[in-house]
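[1] please find the sequence and the predicted model below.
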Amino acid sequence: MSLIQTMTVFEVMDSAYVNGEAIKKLFGDYPEVIVTSQTVSGEEGNTDFVKILVPGKNGKSIGGSAPTFGIIGRLGGIGARPSRIGLVSDADGAIAAVASALKLAEMQKNGDVLEGDVIISTHICPNAPTQPHEPVDFMGSPVDILTMNEYEVIPEMEAILSIDTTKGNRIINHKGIAISPTVKEGYILRVSEDLLRIMEMTTGKLPVTFPITLQDITPYGNDIFHVNSILQPSVATNAPVVGVAITAESAVPGCGTGASHETDIALAVKFAVEVAKEFTNGITHFYDAAEYEHIVARYGSMKVFQTMGFDTGK
């Protein structure tokens, strides 16, 4: 059950005054969990980057050897004040990430400690700007994507789920959650069989995936269309990244209010928690390592897609 944690975080974030310190207070009853918040300013305001470490019993933070798992709540902002009042659709990623941390913290308090560390990161901005995008408007951010990756993509993360609202498009016509193929060092790999299995288990339905293109895994700012920022963490790490999209049947703008569905966010939380359990225990894999090495040996590095590419002079 992750709905309680989802609704708790939802109510805390649904405020014009919420900040990183408010998120830290959520974890006051969990002394083993380490939460930090840092305010970072950009050209259009500031935001608070939050990092949460839920240590495992054999986690590397205490000298152990179990894999470290990462969950990133990807978004532009949780609110678009003063132009719009209340939580925007784009807030779903932040809610899901923090709720995942809260569920893992509660599990730990109740004696269910994961084998390895889980690191959760996101940012809290209740008054982010908006920006035009087709087919519906996006949320902007007070800081650029490079800054987001600097604070959210933690080097210790050995595999990453990037959770993001992905409703402002016409390519996913499903309400709930969907996952992307695995992205690693510029390669779009096949969808992980382990993640499909976990998705079937946690949703009770057939798994849903969504298509991505090479454009989507290149850095923002290169004048190329991106479906959204869900896979931007992949440009800043060698770890495998999978997008967890919180989706809708209709095209919903990221800056729309009243468009967050608690049960869908809770489904993303449940999925992320189950992946965390299995990945830190060495059971779940995001990609086939031997197959990946064979691909690289045959076709070479694709890391150029993690960069801004070549200057065309245009």
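    The structure has been received and is ready for your questions.
[2] how close does the closest residue to F225 other than its chain neighbours sit to P67?
    Spatial nearest neighbour of F225, excluding adjacent residues (C-beta to C-beta, 6 or more residues apart in numbering): Q215 at 5.6 Å. Yep, even glycine has a C-beta here, placed from its N, CA and C like the rest. Here the criterion is C-beta to C-beta, to the nearest Å. By it, Q215 lies 30 Å from P67.
[3] count of neighbours near V143?
    Using other C-beta atoms under 10 Å, V143 has 23 neighbouring residues.
[4] correct me if wrong: it contacts D48.
    No - here V143 does not reach D48: they are 10.8 Å apart, not a contact under C-beta atoms under 8 Å.
[5] identify the contacts common to those two.
    Common neighbours of V143 and D48 (criterion: C-beta atoms under 8 Å, 6 or more residues apart in numbering): V40, H123.
[6] for N127, give the beta-bridge partners.
    Beta bridges link N127 to A80, judged by DSSP bridges.
[7] and it, what pLDDT?
    With respect to pLDDT, N127 scores 92.
[8] that one: neighbour count?
    Neighbours of N127 using other C-beta under 10 Å come to 18.
[9] mind checking how far it is from E293?
    Counting by C-beta to C-beta - N127 and E293 are separated by 46 Å.
[10] gap between the residue nearest to N222 when sequence neighbours are not counted and A22?
    Leaving out its chain neighbours, the residue that sits closest to N222 by C-beta to C-beta, 6+ apart is M308, at 5.4 Å. Per C-beta to C-beta, M308 is found 36 Å from A22.
[11] now F305
    37 Å.
[12] ok, now L196?
    Where A22 is concerned, L196 sits at a distance of 36 Å (C-beta to C-beta).
[13] low-confidence ranges in the protein?
    Applying pLDDT under 70 to the chain flags residues 133-137, 312-314.
[14] quick one, strands of it?
    In the chain, the segments counted as strands under DSSP state E are 34-42, 45-54, 69-73, 118-124, 130-131, 138-139, 159-165, 176-179, 183-184, 187-188, 241-247.
[15] taking strand 118-124 as reference, get the angle to the longest one.
    When axes from the mean of the first three to the mean of the last three C-alpha atoms, to 10 degrees is applied, the directions of strand 45-54 and strand 118-124 differ by 160 degrees.
[16] dump strand 45-54 to PDB, keeping only the CA atoms.
    The C-alpha trace of strand 45-54 is given here as PDB (Å, rounded to 0.1, in the frame of the first residue of the first chain):
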ATOM      1  CA  GLY A  45      13.600  32.300  -9.500                       C
ATOM      2  CA  ASN A  46      14.800  29.500  -7.200                       C
ATOM      3  CA  THR A  47      14.000  26.000  -6.200                       C
ATOM      4  CA  ASP A  48      15.000  23.600  -3.400                       C
ATOM      5  CA  PHE A  49      16.800  20.400  -4.400                       C
ATOM      6  CA  VAL A  50      16.000  17.600  -2.000                       C
ATOM      7  CA  LYS A  51      18.100  14.500  -1.600                       C
ATOM      8  CA  ILE A  52      16.900  11.500   0.500                       C
ATOM      9  CA  LEU A  53      19.100   8.600   1.500                       C
ATOM     10  CA  VAL A  54      17.300   5.400   2.800                       C
END
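[17] show me which positions of it end up buried.
    T47, D48, F49, V50, K51, I52, L53, V54 (16 or more other C-beta atoms under 10 Å).
[18] and for stretch 231-243?
    L231, Q232, P233, S234, V235, A236, T237, A239, P240, V241, V242, G243.
[19] was I right about the first one contacting K184?
    No - at 11.0 Å, L231 does not count as touching K184 under the criterion of C-beta under 8 Å.
[20] what residues do these two have in common as contacts?
    V241.
[21] out of the buried residues of strand 45-54, which one sits closest to S250?
    Of all the buried residues of strand 45-54, T47 has the smallest distance to S250: 28.4 Å, by C-beta to C-beta.
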